[in-house]
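Student: Need a 3D model of the sequence below.
(2 chains)
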Amino acid sequence: MINFQSVSKVFPDGTHAVEDLTIEIPTGKITVFVGPSGCGKTTSLRMINRMIEPTHGSVLIDGKDTTSIDAPTLRRGIGYVIQNAGLFPHRTVLDNVATVPVLQGQSKKEARAAAGDLLARVGLDSAMGNRYPAQLSGGQQQRVGVARALAADPPVMLMDEPFSAVDPVVRAQLQDEFIRLQDELGKTIVFVTHDIDEAIKLGDRIAVFAVGGRLAQFAAPAEVLSRPADDFVADFVGRDRGYRALSFVASGKLPLHQEPTLTLGDPVPTDAGSSAEGLTEGGGRWLLVVDGRGEPRGWLDCRRVPTDHPVTVEDLVLGGSLAGPDASLRTTLDAALSSPSGRGVAVDADLRVLGTVAAKDVLAAIEAARGDEPGEAPAVTPTGPEFWTKAEANP
Amino acid sequence: MNWAWLNRNTDQILSWLVQHFWLALLPTVLGLLLALPLGALAHRYRWSYATLITLAGLLYTIPSIALFVVLPAILGTRILDPLNVVVALTLYTLALLVRVVADALDSVPPLVVQSASAMGYRPLRSLITVQLPLAIPVIGAGLRVAAVSNVSLVSVAALLGIPQLGQLFTTGFQLNFYTPIIAGIVLCLLLAAVFDIAIQLIVRLSTPWQRVVRAR
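Tutor: Prediction:
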């Protein structure tokens, strides 16, 4: 457990980075500090391992004041993942990962052997061990950064926008693996990001910081979305927070529609358009194409059916997210909305097509959920400055 | 070219070459060793940077011949003692390299330094095992300039009669005889090239990460 007790930080130039912060960060959970730039989230993070010393107040780890521990010793006991990984360019991947154990006095040989095992844990090939950071992609470097922070098996990990420098696809991948890793390790993690979606996805608890270093709200993600503490939080979380809140509602039993499929490489039936029309509710324009294993590959536009050759990936309109077995309402609705046919593809755990879901059924489920739990997520209570109030005041 | 003269004096010229080599090498190494802590100081504390760089600049403007003449009085050495040359050139190397080392350390990405500190490095260990290795390419470039300039400056000491390749120039001028002068220039150039190549080789071998093929 990490406690901030009335912590303030005023920089020498007079900037109030953090204002009277009192917060209790639970053990074994991911706590996300989120907020716009200049809100003091990174400053707060760095006060935990004394990279920055507070002006007032104290930071306690498991009841112990951090200032009672020599700073370098304290830091070796706290994993740290920095933006852009911050790897040592002159050391191999293995030596980078072995950094803290070596600082703690372990022999290089031992530390390197352990580092090799850690690479596998963060999804890197052991052949990467002898490369230099410059030889890795951004995503791989970030994984090495995580492995390095884990090397000494610290109970606490600090992560400063660790996934912000990689492209969205890699970021989503890293986030998913990070969640999986945390399920195994159960570390006390403090994670800084400016991305509210990342905060919602990763956080067990979210601390929303306002400019000037004020803690605006500290709560579970669903609560931050459904009950923003004030105008600032409502505004920061964004106008589509009602949609985001659907992330926390399981889809449950939605009516699944039969979907005729065509297998890649098969010839397109000459009456493709009309046969699809006969079988689906959504109209006959789109036909779902799967591969040999039954995994969805894309949609075939029956108005532009290739007649001269068996259907290939090039003929398909790609895209459309998939709804897996544990999909939330958000994922399911997105699957329906992002599909060119308007029918969201539902898949089983092996990614095989089960059928399709219509957006109207998802909306019905949302309405039903609201009926079951009045006031609970997804709430759309208006908060914050609304346009119509302004219009009234100024006719 | 009077080859017969060169043949007759080969042993003498070779001993001057060896002497010249040492007189250029020692100050280069000593100057570097002194410049490392001073450059680190200038890098670490901004107030010391301006002071040290100004002092180094002033030191460098003292004419070498003056320094060769004055040093015996300060050090209590004989005027012909090669130590005077070593000390004088060490000072010049130091003057040149303080700034190089400070700037080289400044060029290390701050994120890497920060990351070392966050991992639990103490400042001295971070300096020696993280920042200094990363500064090698820039320091190496400065060292090449210092080494080559030392090879040429050593010859000036010939005016005091300290034996090295500079003797070829004084001899040549006194006799109005060009063979030793040409031989001196060629050997100085060769020596400078040897220093330059050796330093490049050392930098290359000590920075394997610079030679890897970049991903992406």
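Student: Can you give me the distance of the nearest residue to B:T93 once chain neighbours are set aside to A:I196?
Tutor: What sits nearest to B:T93 in space, not counting adjacent residues and going by C-beta to C-beta, 6 or more residues apart in numbering or on different chains, is B:G31, at 2.5 Å. Every C-beta, even on glycine, is put in place using the N, C-alpha and C of the backbone. With distances taken as C-beta to C-beta, to the nearest Å, B:G31 is found 56 Å from A:I196.
Student: Can you tell me the element the residue in the stretch 151-300 of chain A that chain B sits nearest to falls in?
Tutor: Per C-beta to the nearest C-beta, the residue of the stretch 151-300 of chain A with the smallest distance to chain B is A:L158, at 8.0 Å. Take DSSP states H and E as the rule and A:L158 turns out to sit in strand A:156-160.
Student: just checking, what packs against the next helix or strand after that strand?
Tutor: Counting by DSSP H and E, the next helix or strand C-terminal to strand A:156-160 is helix A:168-185. On a contact count with 3 or more C-beta pairs under 8 Å, 6 or more residues apart in numbering or on different chains; DSSP states H and E, helix A:168-185 meets helix A:138-150, helix A:196-202.
Student: Dump helix A:168-185 to CSV, restricted to CA.
Tutor: C-alpha atoms of helix A:168-185 as CSV (Å, rounded to 0.1, in the frame of the first residue of the first chain):
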residue,chain,number,x,y,z
PRO,A,168,-2.2,2.1,-31.7
VAL,A,169,-2.1,-1.6,-32.8
VAL,A,170,1.0,-2.4,-30.9
ARG,A,171,-0.2,-0.3,-27.9
ALA,A,172,-3.4,-2.4,-27.7
GLN,A,173,-1.3,-5.6,-27.8
LEU,A,174,1.0,-4.4,-25.1
GLN,A,175,-1.9,-3.4,-22.9
ASP,A,176,-3.6,-6.8,-23.3
GLU,A,177,-0.3,-8.6,-22.4
PHE,A,178,0.2,-6.2,-19.5
ILE,A,179,-3.2,-7.1,-18.1
ARG,A,180,-2.4,-10.8,-18.5
LEU,A,181,1.0,-10.3,-16.8
GLN,A,182,-0.5,-8.5,-13.9
ASP,A,183,-3.1,-11.2,-13.4
GLU,A,184,-0.1,-13.6,-12.9
LEU,A,185,2.0,-11.2,-10.8
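Student: Residues contacting the helix or strand following it from elsewhere in the structure, which ones?
Tutor: Downstream of helix A:168-185, the next assigned helix or strand under DSSP H and E is strand A:188-193. By C-beta atoms under 8 Å, 6 or more residues apart in numbering or on different chains, the residues outside strand A:188-193 that reach it are A:1-2, A:25-34, A:41-42, A:45, A:48, A:155-164, A:182, A:199, A:202-203.
Student: Also stretch B:54-70?
Tutor: By C-beta under 8 Å, 6+ apart, stretch B:54-70 touches B:79, B:84-85, B:88, B:91-92, B:94-96, B:98-99, B:153, B:156-157, B:159-160.
Student: And it, what's buried?
Tutor: Of all the residues in stretch B:54-70, those buried under the rule 16 or more other C-beta atoms under 10 Å in any protein chain shown are B:56, B:64, B:67-68.
Student: For it, give the mean pLDDT please.
Tutor: The average pLDDT within stretch B:54-70 is 88.
Student: who touches the residue nearest to B:T93 in this structure?
Tutor: Contacts of B:G31 by C-beta under 8 Å, 6+ apart are B:89-94, B:96-97, B:146.
Student: rerun at 7 Å
Tutor: B:90, B:93-94, B:97, B:146 (C-beta atoms under 7 Å, 6 or more residues apart in numbering or on different chains).
Student: so residue 12, which of the three states?
Tutor: Defaulting to chain A. Assigned state for A:P12: coil (three-state reduction, DSSP: H, G, I helix; E, B strand; the rest coil).
Student: my bad, the chain I had in mind was chain B
Tutor: helix.
Student: Please name the residues that touch it.
Tutor: Taking C-beta under 7 Å, 6+ apart, one finds nothing in contact with B:Q12.
Student: what's the answer for A:V224, then?
Tutor: A:V224 touches A:206, A:208, A:217, A:233, A:237, counting by C-beta under 7 Å, 6+ apart.
Student: rerun that using 6 Å as the cut-off
Tutor: A:206, A:217 (C-beta atoms under 6 Å, 6 or more residues apart in numbering or on different chains).
Student: does any part of the strand or helix carrying B:A135 sit near chain A?
Tutor: Here B:A135 sits within helix B:132-154, counting by DSSP H and E. Yes. Against chain A, helix B:132-154 shows contacts by C-beta under 6 Å from any C-beta of the partner chain at B:133-134.
Student: Pull out the buried residues from that helix.
Tutor: B:132-136, B:138-140, B:142-144, B:146-151, B:153-154.
Student: other SSEs contacting that helix?
Tutor: helix B:10-44, helix B:82-106, helix B:178-206 (3 or more C-beta pairs under 6 Å, 6 or more residues apart in numbering or on different chains; DSSP states H and E).
Student: can you tell me which of those helices comes nearest to A:A149?
Tutor: Smallest distance to A:A149 across the helices and strands packed on helix B:132-154 (C-beta to C-beta): 25.8 Å, for helix B:82-106.
Student: Show me the contact partners of the helix or strand just after the closest one.
Tutor: Tracing the chain past helix B:82-106, the next element assigned as helix or strand by DSSP H and E is helix B:110-119. With contact meaning C-beta under 6 Å, 6+ apart, helix B:110-119 is reached by A:51, A:75, A:80, A:82, A:86, A:99-100, B:126, B:130.
Student: Ok, stretch A:37-55 next?
Tutor: Residues contacting stretch A:37-55 (C-beta under 6 Å, 6+ apart): A:7-10, A:17-18, A:33, A:35, A:59, A:66, A:71, A:74-75, A:78, A:158, A:160, A:190, A:192, A:209-211, A:213, B:118.
Student: next one: stretch A:340-354
Tutor: A:256, A:282, A:286, A:290, A:294-296, A:299, A:317, A:322-325, A:332, A:335-336, A:355-357.
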